[in-house]
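Participant: kindly return the folded structure for what I paste below:
(chains A and B)
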Amino acid sequence: MPNPAIEFQDVIKVYQGRFSQQRITALANISFAVAPGEVCAFLGPNGAGKTTSIGLLMGFLFADSGEIRVLDCPPGDIRAKRQIGFLPENFAFYKYLTAPELLRLHLALSDEPRTGEQNLIADLITKVKLQGYEQLKIGKYSRGMMQRLGLAQALLTNPQLLVLDEPTSGLDPAGRHDVLELLATLKAEGKTIFLSSHILPEVEQICDRVIIIDRGRLLRAGSLRELLESANRVEIVAHRLDEELERTLVEHGASIEQTPDQARIVIDASRKREAVELIWSAGFDVIAMNPLKSTLEEFFLKMVADGGGA
Amino acid sequence: MKIRAIALQTFGSLLRNRLILLFVLGFACMLLLMLTPLLTVKSMASNWSTSQTQGMVLTLVSGAMSFMSGFGSLLAAWSAADAVSTEMRSGTILAVMARPVRRWEFLLGKYLGVQLLMVVYVAAIFLTGYLLAWIGGQGIQSAPWVLLVYPLVRYAIYSALAIFFVTVFHPIVSFGLVLLTSVAASIFAHSNSLPAFVPDWLRAGIYSVLPSTELLSETRFLTLTRASLTSEPWGHHLIALTYGLDYALVCFLLAVWAFRKRSLSRL
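Facilitator: So this is what the prediction gives:
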């Protein structure tokens, strides 16, 4: 089995003010792994510790304890950085450069051979749909154009691992669609993609693995399919229930809506048989049973609301 | 290639920096201001002896060059502090450091970019000095290399100090610390300007830690008469310049050490 592309083991990061005693635990014993070739969504509400984790991963910050490995190297190692394409949150760059100048600078920083440089830059600019703006200074770019340029620089050296912090932020719906298509293409090429995003329906379309953190704690990590299956529920439609049965079902984790002649019971898929048996044994009829598929967004909201207890 | 790319980018950014453009404006104002007394001396030259005229022109040119040279120290310190802190403040450092760039390579690139700016500045002082002397009807006799190399080494010290401080402190604090260091250095260089209660061992100790920029002052070699430089042995130049470069190197290495574990978050 190949080594993980990214591995966090019991990572702790605490921020402490230079002149104050206030300590903020940004990450508390975070452990997870991302396999090569996976698309991993790194999710969490604002302030969850996503950008801190990405900072640690890239070697911009240092963990107080625990171990981090990226492409079999410690974070910040030059050998790993050669294989990483990184898009920071709120990508910023020298405003007086044009897009081709910026990409040329990044090529120089990457120590990449200069053969075919012109074509590579032109291709990338076309790929992120910035053609026609080659002469425009970056300072005049819109937020969406900056994001596209950021993606272009992340893809510049054909990296093995892409670390993208909010890749679709600032993009219009068409732009977001383009980025998702691009990510799907990269996934098909076997790239490992580690991305944080708040736009969960889009993430759900492309990711294989999901890691959810909140307030520095890991809430869940696993494959998207497993996580969503664990959160799948069923809707049972039955004749109106008596109070005793209603109470028993609620004790079994069901949520119930009663109308004058029907009851709608929603329960975890794993407990559907139990619920149906309870209804039947109490002498009520089941009219219908429908699977309710959870979306990543619903799962995420439930996780964050329950503090990972779902 | 990486270091060169960072240095050239830093130089380009500094040339567009508004505060540095203000420095250039100040430079131009200085030149204009100096023209008035110089032209006065020139118009009165027939009333004075040659040595009197030379003396007055030398005083004016030397004053102007000292002023611009001092101005250059501020420019070197500010540019160095700003070159690093702007990257951190704007977040552009993240995209740069995500590339296979080591932290010392980044700092060295920044440092060399500042030195490129200082080369341009020193060339400007040099040409201005010659221009002022020419307007005053005289010619500078000092060896050109002294007027070029000495200030460059001095600025190398100030910019290395500023880069060291900015890896730890806010850029304005860093700039202030460099100023403080340079003021303290000039105070401790003259034992008679210190209060009597400061013991000799303390004075000597602090003096040896602070940068001895007086030793690296080019204006002490400035002359309009026959070059007096020939009387300064090469060994002395070599020692003074080696001292300056060594001091700058130590400050730069301290900066590399401090930057090694610095969080690269936005300021």
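
Participant: where exactly do the helices run in the stretch 101-250 of chain A?
Facilitator: Taking DSSP state H, counting those that start in this stretch, the helices of the stretch 101-250 of chain A run over residues A:117-127, A:143-155, A:173-188, A:200-206, A:224-230, A:243-251.

Participant: report the buried residues of the third one.
Facilitator: So the one you mean is helix A:173-188. Neighbour counts over helix A:173-188 (16 or more other Cβ atoms under 10 Å in any protein chain shown) mark A:175-176, A:178-180, A:182-183, A:186-187 as buried. Where C-beta positions appear, they are placed from N, C-alpha and C, glycine not excepted.

Participant: so, low pLDDT: which residues of chain B?
Facilitator: B:45, B:191-194, B:219-231, B:266-267 (pLDDT under 70).

Participant: what residues does it have near chain A?
Facilitator: B:1-2, B:4-6, B:9, B:12-13, B:16, B:90-92, B:94-102, B:261, B:263-265 (Cβ under 8 Å from any Cβ of the partner chain).

Participant: how confident was the prediction at A:Arg114?
Facilitator: Note for A:Arg114: predicted pLDDT of 68.

Participant: tell me where the stretch 151-267 of chain B has helices.
Facilitator: Using DSSP H, counting those that start in this stretch, helices in the stretch 151-267 of chain B cover B:171-189, B:200-209, B:234-259.

Participant: mean neighbour count and distance to B:Ala156 for the ones you listed - can I get that in CSV?
Facilitator: Compiled in CSV, the helices of the stretch 151-267 of chain B are given as follows (neighbours: other Cβ atoms under 10 Å in any protein chain shown; distance: least, Cβ to Cβ, whole Å):
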stretch, mean neighbour count, distance to B:Ala156
helix B:171-189, 18, 13
helix B:200-209, 12, 18
helix B:234-259, 16, 4
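
Participant: of the ones you listed, which approaches A:Glu244 most closely?
Facilitator: helix B:234-259 (70.4 Å; Cβ to Cβ).

Participant: angle of the closest one against helix B:200-209?
Facilitator: Using axes from the mean of the first three to the mean of the last three Cα atoms, to 10 degrees, one finds that helix B:234-259 and helix B:200-209 are set 80 degrees apart in direction.

Participant: give me the helices and strands touching helix B:234-259, please.
Facilitator: Packing partners of helix B:234-259 (3 or more Cβ pairs under 8 Å, 6 or more residues apart in numbering or on different chains; DSSP states H and E): helix B:103-135, helix B:144-166.

Participant: deepest of these, which one?
Facilitator: Comparing the helices and strands packed on helix B:234-259 by mean neighbour count (mean count of other Cβ atoms under 10 Å in any protein chain shown), helix B:144-166 ranks first with a mean of 24.

Participant: got the angle between that helix and helix B:103-135?
Facilitator: Using the same axes, to 10 degrees: helix B:144-166 against helix B:103-135 is 140 degrees.

Participant: how far does helix B:144-166 sit from the chain's center?
Facilitator: With Cα atoms, centre = their mean, to the nearest Å as the basis, helix B:144-166 stands 5 Å off its chain's centre.

Participant: picking up where we left off before, in a markdown table, list the helices and strands packed on helix B:234-259 along with distance to A:Val210.
Facilitator: Listed next are the helices and strands packed on helix B:234-259 as a markdown table, based on distance: least, Cβ to Cβ, whole Å:
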| stretch | distance to A:Val210 |
| --- | --- |
| helix B:103-135 | 33 |
| helix B:144-166 | 40 |
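
Participant: ok, which of those helices comes nearest A:Ile138?
Facilitator: helix B:103-135 (19.0 Å).

Participant: mind giving me the packing neighbours of the closest one?
Facilitator: Contact partners of helix B:103-135 among helices and strands, from 3+ Cβ pairs under 8 Å, 6+ apart: helix B:2-15, helix B:18-43, helix B:50-90, helix B:92-97, helix B:144-166, helix B:234-259.

Participant: repeat that with 7 Å
Facilitator: helix B:2-15, helix B:18-43, helix B:50-90, helix B:144-166, helix B:234-259 (3 or more Cβ pairs under 7 Å, 6 or more residues apart in numbering or on different chains; DSSP states H and E).

Participant: just the buried positions in the first one, please.
Facilitator: Along helix B:2-15, these residues count as buried under the neighbour rule (16+ other Cβ under 10 Å): B:2-3, B:5-14.

Participant: coming back round to it: out of the helices of the stretch 151-267 of chain B, nearest to B:Leu75?
Facilitator: helix B:171-189 (10.8 Å).

Participant: quick one, the closest one and helix B:50-90 angle?
Facilitator: Counting by the same axes, to 10 degrees, helix B:171-189 lies at 150 degrees to helix B:50-90.

Participant: residue contacts, the residue of chain B most remote from its centre?
Facilitator: Distance from the centre of chain B peaks at B:Asn47, with 38.0 Å (Cα atoms, centre = their mean). Neighbour list for B:Asn47: empty [criterion: Cβ atoms under 7 Å, 6 or more residues apart in numbering or on different chains].
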